[in-house]
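[1] okay, predicted coordinates and the sequence, questions at the end:
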Amino acid sequence: MKKVITYGTYDLLHYGHIRLLQRAKALGDYLIVGVTSDDFDISRGKINVQQSLMERIEAVRATGLADKIVIEQYEGQKIDDIQKYGVDIFTVGSDWVGVFDYLKEYCEVVYLDRTKGVSSTEIRSKENALRFGLVGDTDVINKFAIECRNVNGTEVTGYLSLNPMLGKEGLEGAAAYTSFEDLVHDCDALYIRSHPTKHYEQIKYALGQKKHVLYESPLTLNHAQAKELFEMADRNGCILYAGIKTAYSTAYARMILMAKTGKIGDIVSVDAVCTSLEDDLTKPEMQHVWNSITAWGPTAMLPVFQLLGTECVEKHIVSRLLPTGDDFDTFTKIDWTYPNAVASIKVGKGVKAEGQLIIGGTKGYIYVPAPWWKTDYFEVRFENPAHNKRFFYQLEGEGIRGMIASFVGSVTRNKLAYIREKVSLEIVRTMEEWHSGNFTRI
């Protein structure tokens, strides 16, 4: 019996896929089809896959062409599968010519011509693209525009910035707007990275025009206003999405799940540090600069609230302000006491410290090295070092690419948000406390 094996993502299974499988089947007597896992696709930079692994497997099975279906989960698995299943022929589309010649050592390699004009990428691209309007005064909107190019079904219509020094990288072809209202009118969704003091009015207007909003956290600096915006989004059928790019890192998501499932026992402590140094914090620059609590606070608070919840017993905030007395903290430390756990964060834009995340448990702890907010690696450590484990996951586009793809998924396919509403509201509540002066100065 001659065995044939082929691999693919098989997202939005179409005639081209079926035709390729038919021709692969005709090469032998028994066809094995490898379907790539979600994690493996992400590691290869394919974040635009619209169907889950099980949906894609079922679609392949429904063709009746596969005698066996396997899940491709890691680099080099093709060699393992060929040897494991006694494969005679490996085949794949002709757009991969030469790439898999190394497999000729193990079996015959056949490249099949693809059906022209048909691909999952083209199908996704032909759908109505989500037109983004970008609002902000930092180069983050440049990065956002660049990453939009890597997410099918998105395009940047225009941008609004009050910063004359903002570069044009990534914004080529996008219109520069001077009116926020005009930008909202001409797009389907907004990415809002303006100063937090402007968020409430801008987001409220956008939601009033029934536009979807991806905002850079914090949502607002007032808890009542934040609740109002969530309720407004719900009434108008709009997606209101928190943009903390760390949350969209595969490594971070896996780490949170691992901690929640008891791998290190009961969680007793969460300690997060996020700091950076600004070149110039003088008065003329302040209109475009976020203070420490708003710039780093949402990221640092994210693991605290996701792991320990939002119902603490006690909270204490300590801050160091600019000598001028401006409403700008160069360093802030927040401590929470929960019924059975504690948490602490340190954030700063005028103080530098080791930017690590440590989650302590009754059986072990999780260590994420600096800069933990760009998580691609973490360790689970135990009393016996022989039991320690390390985990690596590739991070694409600093998490911005995954954030955009997740937002688009929520808009087009009603996928659940990575960051729950109650977490966003608790971040805002903490912001409101700080901006109302409820902290100790040092």
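    Structure received.
[2] how is the protein divided into domains?
    3-122, 128-245, 251-441 (automatic domain parsing).
[3] low-confidence stretches in the stretch 301-442 of the chain?
    325-326 (pLDDT under 70).
[4] where do the strands sit along it?
    For the stretch 301-442 of the chain, applying DSSP state E, counting those that start in this stretch gives strands covering 314-321, 329-337, 342-348, 357-361, 364-368, 377-382, 389-392, 440-441.
[5] so which of the ones you listed is nearest Leu13?
    Of all the strands of the stretch 301-442 of the chain, strand 389-392 sits nearest to Leu13, with 30.8 Å by Cβ to Cβ. (Glycine included, C-beta is placed from N, CA and C.)
[6] report the buried residues of the closest one.
    If you call a residue buried by 16 or more other Cβ atoms under 10 Å, then strand 389-392 has these buried ones: Phe391.
[7] how close does the closest residue to Trp373 other than its chain neighbours get to Asn150?
    Excluding the flanking residues, the one nearest Trp373 by Cβ to Cβ, 6 or more residues apart in numbering is Thr246, at 4.6 Å. Distance of Thr246 to Asn150, computed by Cβ to Cβ, to the nearest Å: 18 Å.
[8] the two: who's more crowded?
    Remark: of Thr246 and Asn150, Thr246 carries more neighbours, 25 against 17, as counted by other Cβ atoms under 10 Å.
[9] for that one, give its distance to Ala300.
    The spacing between Thr246 and Ala300, counted by Cβ to Cβ, is 9 Å.
[10] cool, Glu396 as well?
    Distance of Glu396 to Ala300, given as Cβ to Cβ: 23 Å.
[11] neighbour count: these two, which is higher?
    Ala300 (30 against 21).
[12] could you look up the SS state of the more buried one?
    Following DSSP: H, G, I helix; E, B strand; the rest coil, we place Ala300 in the helix state.
[13] what do you get for Tyr200?
    The local conformation at Tyr200, judged by three-state DSSP, is helix.
[14] how about it, what does it touch?
    Residues in contact with Tyr200 (Cβ atoms under 8 Å, 6 or more residues apart in numbering) are Thr220, Leu221, Asn222, Gln225, Leu229.
[15] do the same with Cys187
    Cys187 neighbours (Cβ under 8 Å, 6+ apart): Arg131, Phe132, Gly133, Thr157, Gly158, Lys211.
[16] give me the distance between the spatially closest residue to Val140 that is not a sequence neighbour and Thr138.
    Leaving aside its chain neighbours, Val140 sits nearest to Arg193 (5.1 Å; criterion: Cβ to Cβ, 6+ apart). Distance of Arg193 to Thr138, given as Cβ to Cβ: 7 Å.
[17] neighbour-wise, which of those two wins?
    Neighbours were counted for Arg193 and for Thr138 using other Cβ under 10 Å; Arg193 has more, 24 against 19.
[18] quick check: phi and psi on that one?
    phi -120, psi 20 (degrees, to the nearest 10).
[19] what bridges to it?
    Beta-bridge partners of Arg193, counted by DSSP bridges, are Gly136.
[20] my guess is it contacts Glu216, does it?
    Yes: counting by Cβ atoms under 8 Å, Arg193 does reach Glu216; the two are 4.5 Å apart.
[21] quick one: common contacting residues for those two?
    Counting by Cβ under 8 Å, 6+ apart, the contacts common to Arg193 and Glu216 are Gly136, Val140, Gly243.
[22] redo those as CSV? Include pLDDT.
    Shown next, in CSV, are the shared contacts of Arg193 and Glu216 (pLDDT from 0 to 100):
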residue, pLDDT
Gly136, 93
Val140, 91
Gly243, 93
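[23] got those as CSV, with neighbour count columns?
    As requested, these are exported to CSV (neighbours: other Cβ atoms under 10 Å):
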residue, neighbour count
Gly136, 23
Val140, 17
Gly243, 25
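[24] out of those, which is nearest to Gly28?
    Gly243 (49.1 Å).
[25] ignoring the adjacent residues along the chain, who's closest to that closest one?
    Glu216 (4.7 Å).
[26] who touches the one you found in this structure?
    Here Glu216 is in contact with Gly136, Val140, Tyr191, Ile192, Arg193, Gly243 (criterion: Cβ under 8 Å, 6+ apart).
[27] quick check, nearest of those residues to Ile5?
    Closest to Ile5, out of all of the contacts of Glu216 and judged by Cβ to Cβ, is Gly243, at 41.1 Å.
[28] shouldn't Gly133 be in contact with Thr154?
    No: using Cβ under 8 Å, Gly133 is not in contact with Thr154; the gap is 11.8 Å.
[29] look at those two and report which has more neighbours.
    Taking other Cβ under 10 Å, Gly133 and Thr154 do not tie; Gly133 has more neighbours (27 against 22).
[30] nearest spatial neighbour of the more buried one, chain-adjacent residues omitted?
    Cys187 (3.7 Å).
[31] and that neighbour, what are its phi and psi?
    phi -130, psi 170.
[32] pull up the gap between it and Lys210, please.
    Taking Cβ to Cβ, one finds Cys187 at 12 Å from Lys210.
[33] same check, this time on Thr9
    To Lys210, Thr9 is 34 Å away according to Cβ to Cβ.
[34] between those two, which one's more packed in?
    Each of Thr9 and Lys210 has its neighbours counted (other Cβ under 10 Å); Thr9 has more, 22 against 12.
[35] give the bridge partners for the closest residue to that one other than its chain neighbours, please.
    Spatial nearest neighbour of Thr9, excluding adjacent residues (Cβ to Cβ, 6+ apart): Thr36 at 5.0 Å. Beta-bridge pairing of Thr36 under DSSP bridges involves Glu72.
[36] and the pLDDT for Thr36?
    Thr36 carries a pLDDT score of 89 in this model.
[37] go ahead and confirm it touches Gly8.
    Yes: if you go by Cβ under 8 Å, Thr36 and Gly8 touch, sitting 7.0 Å apart.
[38] what about those two, which has more around it?
    Applying other Cβ under 10 Å to Thr36 and Gly8 shows that Thr36 carries more neighbours, namely 23 against 19.
[39] quick check: that one vs Asp182, distance?
    43 Å.
[40] just the element for Val184, please.
    helix 180-185 (DSSP states H and E).
[41] which positions in that helix come out as buried?
    Phe180, Leu183, Val184.
[42] export it to PDB, keeping only CA atoms.
    C-alpha atoms of helix 180-185 as PDB (Å, rounded to 0.1, in the frame of the first residue of the first chain):
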ATOM      1  CA  PHE A 180     -12.100  63.900  14.500                       C
ATOM      2  CA  GLU A 181     -15.800  63.900  13.400                       C
ATOM      3  CA  ASP A 182     -14.800  63.600   9.800                       C
ATOM      4  CA  LEU A 183     -12.500  60.700  10.500                       C
ATOM      5  CA  VAL A 184     -15.200  58.900  12.400                       C
ATOM      6  CA  HIS A 185     -17.600  59.400   9.500                       C
END
